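> build me a model:
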Amino acid sequence: MIKRPPSYRTAEDVLRGCEYALAPNEATTNQPANIFITEPSSSDKYISRAASPNAVDIFELVNNFAGLALLLASAAFAQTLPEQLLRHWDYDHRASLDVKQAGVQDRGGVKIYDISYSSPLADRSAAVGPNGGAVTAYVVAPSGKGPFPAVIYGHWCMPGSEKKNRTEFLDEAIVLAHAGVLSLLPDHVSVHPGFVEDNSPLNENQIAVEVQQDVNLRRGADLLLDHKDVDPKRLVYVGHSCDATAGGFLSGIDKRFKAFVIMAGDLSDEVDRSTKMFQDYRQKVGAEKFDAFAARFAWMDAGKYVSHAAPAAVFLQYANDEPFLNGDVAKRYFEIVSEPKKLKIYEAPHALNAEATRDRIAFLAEQLSFPPPDARAVKAIPGLVQPPWPKQ
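Numbering: from 1, shown residues only. Down below sits the predicted model:
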């Protein structure tokens, strides 16, 4: 990723690098109640405890040997990628998750837990801000007992959108919960308090932000898979726009996911280089400077990873009404993705549409083996509003 060409920025911003902008976190509406997974069995290597009414520790990983074995197996599978690529994404798996619960809501028997968890920052703190590793998220949990299939949802980073945060997929996650699916909806690094976007061309901060976001998402997988109520063989990632690109990286790095849904995200620097917009920007910033930066960070090309997504299935969802990530670009991305894979291009803007929502839920039901939700409930999911494109 020598740049990030999101389709919601001006031509210059699209190729400049960071696509992120500050957005406030949602306020919690309810006071804490029960933890989202109650009464761990004595065989679980967790401590579950109550704290103050404003912050309840959900659980703390101590020595979960099953989780460690899963991580080791994941690493073994991921060796299909060269070690020189994988090492850039290393993080401390043993660091405390420090999970806290700030509130809970009940929506017709579905529990929505407002939580936070910690993610290692390494040397990225200056780029990602003081809270870059303090991940706020929703856990949307079905009633009954697991193990449940699970989805991690990564939201878009569209400037001007009220859903540029963990709420983007909340209504969809609630519908899935009624079908017996547990979902984690984390906030992107760029909407954490204190994040400041670096708008300079070819800056290294964009690299740190992308790596941190993927680490944060993998910590979300750590959180889910280290608990008995989540089926470790049925985990899927869904990402839109900026978090679709994050999913491209994840697909090659982390083999704990059974499938990926990539929604309108940049997936290949190699493909992007062939576009006129890319070439125009290269000349504007200086070809020699651009090429040197590209060579230095060649490992930040999502195409190098999504081409190694197998055995995970990948569903690409793209739109025709896009200034950059349009159907033609999507078809070329599709050629790079490993099998099994599928692509569908919608007559829609970057926000996609109700047809894409139906197709995505059908894909999730197939991959995770849960009964498809009621069609009326799926139809009632509110559409994502497409803000105007920023002026060039």
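> residue 250: neighbour count?
30 (other Cβ atoms under 10 Å). Just so you know, the C-beta spots here come from the backbone N, C-alpha and C atoms, and that holds for glycine as well.
> tell me the contacts of it?
By Cβ atoms under 8 Å, 6 or more residues apart in numbering, the contact set of residue 250 is 214, 217, 218, 237, 257, 260, 305.
> can you map out the helices along this protein?
11-16, 65-78, 83-86, 125-128, 170-178, 205-225, 242-253, 269-272, 276-285, 287-296, 303-306, 327-336, 354-368, 375-379 (DSSP state H).
> now do the longest one: which elements does it pack against?
For helix 205-225, the contact count by 3 or more Cβ pairs under 8 Å, 6 or more residues apart in numbering; DSSP states H and E identifies helix 65-78, strand 110-118, helix 125-128, strand 134-141, strand 148-154, strand 182-186, strand 230-240, helix 242-253 as packing neighbours.
> try the fourth one
Contact here means 3+ Cβ pairs under 8 Å, 6+ apart; on that basis helix 125-128 packs against helix 205-225.
> grab the most central residue of this protein for me.
residue 154 (3.2 Å; Cα atoms, centre = their mean).
> make JSON lines from the contacts of residue 250 and add distance to residue 204 and pLDDT to it.
Output for the contacts of residue 250, formatted as JSON lines (distance: Cβ to Cβ, whole Å; pLDDT from 0 to 100):
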{"residue": "214", "distance to residue 204": "16", "pLDDT": "98"}
{"residue": "217", "distance to residue 204": "21", "pLDDT": "98"}
{"residue": "218", "distance to residue 204": "21", "pLDDT": "98"}
{"residue": "237", "distance to residue 204": "26", "pLDDT": "98"}
{"residue": "257", "distance to residue 204": "28", "pLDDT": "98"}
{"residue": "260", "distance to residue 204": "27", "pLDDT": "98"}
{"residue": "305", "distance to residue 204": "20", "pLDDT": "97"}
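> list just the nearest of those to residue 251.
residue 260 (5.1 Å; Cβ to Cβ).
> who's in contact with the closest one?
Contacts of residue 260 (Cβ under 8 Å, 6+ apart): 236, 237, 238, 239, 247, 250, 251, 309, 312, 313, 314, 315.
> in this structure the last one contacts residue 342, no?
What that stands for is residue 315. Yes. With contact defined as Cβ atoms under 8 Å, residue 315 counts as touching residue 342 (5.2 Å).
> circling back: the residue nearest to the centre of the chain and residue 301, how far apart?
Distance, residue 154 to residue 301, by Cβ to Cβ, to the nearest Å: 19 Å.
> name the residues of stretch 342-352 that come out as buried.
343, 344, 345, 346, 348, 349, 350, 351, 352 (16 or more other Cβ atoms under 10 Å).
> typed the wrong thing, it's stretch 291-307
293, 294, 297, 299, 300, 301, 302, 303, 304, 305, 306, 307.
> possible to save the helices and strands packed on helix 205-225 as JSON lines with distance to residue 92?
Shown next, in JSON lines, are the helices and strands packed on helix 205-225 (distance: least, Cβ to Cβ, whole Å):
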{"stretch": "helix 65-78", "distance to residue 92": "11"}
{"stretch": "strand 110-118", "distance to residue 92": "11"}
{"stretch": "helix 125-128", "distance to residue 92": "14"}
{"stretch": "strand 134-141", "distance to residue 92": "15"}
{"stretch": "strand 148-154", "distance to residue 92": "20"}
{"stretch": "strand 182-186", "distance to residue 92": "18"}
{"stretch": "strand 230-240", "distance to residue 92": "21"}
{"stretch": "helix 242-253", "distance to residue 92": "15"}
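> residue 369 is in contact with residue 234, isn't it?
Yes. Counting by Cβ under 8 Å, residue 369 does reach residue 234; the two are 6.8 Å apart.
> and for those two, which residues touch both?
Common neighbours of residue 369 and residue 234, using Cβ under 8 Å, 6+ apart, are residue 149.
> neighbour count for those two, which is higher?
Shown here are residue 369 and residue 234; by other Cβ under 10 Å, residue 234 has more neighbours (20 against 12).
> mind listing residues that contact stretch 358-366?
151, 172, 175-176, 179, 181, 236, 238, 259, 261, 263, 315, 317, 342, 344, 370-373, 378-379.
> I'm done for today, thanks for sticking with me.
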